[in-house]
Each structure stands twice: as C-alpha cells, then as structure tokens.
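Engineer: Let me see the structure of the following:
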Amino acid sequence: MSTPDRRTLIADTAIATVAAAGLRGLTHRAIDTAAGLPAGSTSYYFRTRTALIGACYQRIEELDLDDMEPRRPGSRAEAAAWLGIMLHRWLTTGRERQLARYELSLEAARTPELESALHRAGLAARARAEAVLAALGADRPREAAELLAAWTDGVLFDRLAGAMARTRPAPDPEELTAVAHRMLDAALTAG
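Structural biologist: Below is the predicted model:
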C-alpha cells in the first residue's frame, strides 16, 4: 500500500472510531487494530494525537467538499434538490463522518492548536455555498452562505444528535428537499 493510501486508511478509520467511541476511543493502537495495520503504523504517519485529529479534519474536509461540488444550479428548485440530496447523504451514508465532525469540532473549541484546521474546513465549505448563492442572485452571498451553513449544521445536528434524533423516522429525501428549499429562500431573502 502506498503512503497516501495508508494515510487515508488511517484517517478514515480514525473518523469511524471517533464516531463510534468519541475522542476517548481515539488512540494510535486502536486505529492500528481497527485498520488491520501492524502495531505502530498510525504513530509512524501521525506522531501525536493532535496530528491524528488534524488528519481527521483534513479527510472530513476533503469528503465534505467532494459532496458539495457545486453544480451551478440554475434555479432555487435545483439548488434545493442538490442540498436535499446532500443532507440525506450526510444523514445516512455519511452519518458517521458528520458525527465525528461534531465531536472533533468540540475538541477544536478546547484545543487552540486544532482550531485552524477546523476554521480552514469551515471556510472552504462556506466558499462553496457562497458561489452557489451568488449564482442564484444573492445580494450578499457571503452573509447568505453564513446563514445557510448555520441552518444546515442545525438540521444535521438535530437529526443526528438532538433530543429527538433517536425517535425520528429515517430521513426522507423529499422532506429534506422541502427543508432545503425553505432554508435557501430564507438565506436568499436575508443575504
């Protein structure tokens, strides 16, 4: 396995571990075991726990930005459908990644050396949203993107970890598209 592949495997395994066990489960040894790697492999690539957490941020950013690849929707309806699909993906097949992102975000809030990686990822996601909102005619696309990012995070957090998360039915793509449409309407009106 080449070096980039092993780094990706380690980061993906670390993300899965954080989603399942929280940060208390994130150890070099646990990642080696879960990834099926020889003992010491994770610490070879990521010497410190902070470096391993940084690899998680980088991988989550990469995967989230791939999901957010702008398609320059021609209408609000197209943009809402795109956002609804993305929300559905993040609540189903990407659920683990989003749970880890929230856990890691809390750690970054308490650990100054991790803050810049989280900040960079957040800016990249907002830049993608800003481009879409500008294409849809937002007067102040940066402000609209801030609102849309906050609302999107709110929907995700509520559905993944909120008080009613365990009792809600499975995410429905049509419902999420309707929610996305309302969020876009509000963001474009405010921004």
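Engineer: Now do the SS call for residue 159.
Structural biologist: helix (DSSP: H, G, I helix; E, B strand; the rest coil).
Engineer: residues near the closest residue to it other than its chain neighbours, how many?
Structural biologist: Spatial nearest neighbour of residue 159, chain neighbours left out: residue 91 (5.4 Å); criterion: C-beta to C-beta, 6 or more residues apart in numbering. For glycine as for every other residue, the C-beta is placed from the backbone atoms N, C-alpha and C. By other C-beta atoms under 10 Å, 21 other residues sit near residue 91.
Engineer: With residue 74 instead?
Structural biologist: 10.
Engineer: same thing with residue 144?
Structural biologist: Neighbours around residue 144, by other C-beta under 10 Å: 24.
Engineer: re the thing from before, so how far is residue 178 from the residue nearest to residue 159?
Structural biologist: 15 Å (C-beta to C-beta, to the nearest Å).
Engineer: what stretches of the chain score poorly on pLDDT?
Structural biologist: Applying pLDDT under 70 to the chain flags the ranges 1-4, 70-71, 191.
Engineer: show me where it has helices.
Structural biologist: Assigned by DSSP state H, the chain shows helices spanning 3-21, 28-35, 41-45, 49-67, 76-91, 95-110, 112-135, 141-161, 173-190.
Engineer: shouldn't residue 72 be in contact with residue 134?
Structural biologist: No. With contact defined as C-beta atoms under 8 Å, residue 72 does not reach residue 134; the gap is 10.0 Å.
Engineer: Comparing these two, which residue is more hemmed in?
Structural biologist: Per other C-beta under 10 Å, whichever of residue 72 and residue 134 has more neighbours is residue 134, with 17 against 12.
Engineer: Find the nearest non-adjacent residue to the more buried one, please.
Structural biologist: In space, residue 134 is closest to residue 141, 3.9 Å off (C-beta to C-beta, 6+ apart).
Engineer: Residue 151 too?
Structural biologist: Per C-beta to C-beta, 6+ apart, closest to residue 151 is residue 183, 4.7 Å.
Engineer: Distance check, that neighbour against residue 35.
Structural biologist: Taking C-beta to C-beta, one finds residue 183 at 37 Å from residue 35.
Engineer: cool, and residue 149?
Structural biologist: 32 Å.
Engineer: what's the answer for residue 17, then?
Structural biologist: Taken as C-beta to C-beta, the span from residue 17 to residue 35 is 9 Å.
Engineer: Hmm, residue 9 is touching residue 34, no?
Structural biologist: No. Look at residue 9 against residue 34 with C-beta under 8 Å: they stay out of range, at 10.0 Å.
Engineer: quick one: the residue nearest to residue 159 and residue 160 touch, right?
Structural biologist: Yes. Between residue 91 and residue 160 there is a contact under C-beta under 8 Å: 6.8 Å.
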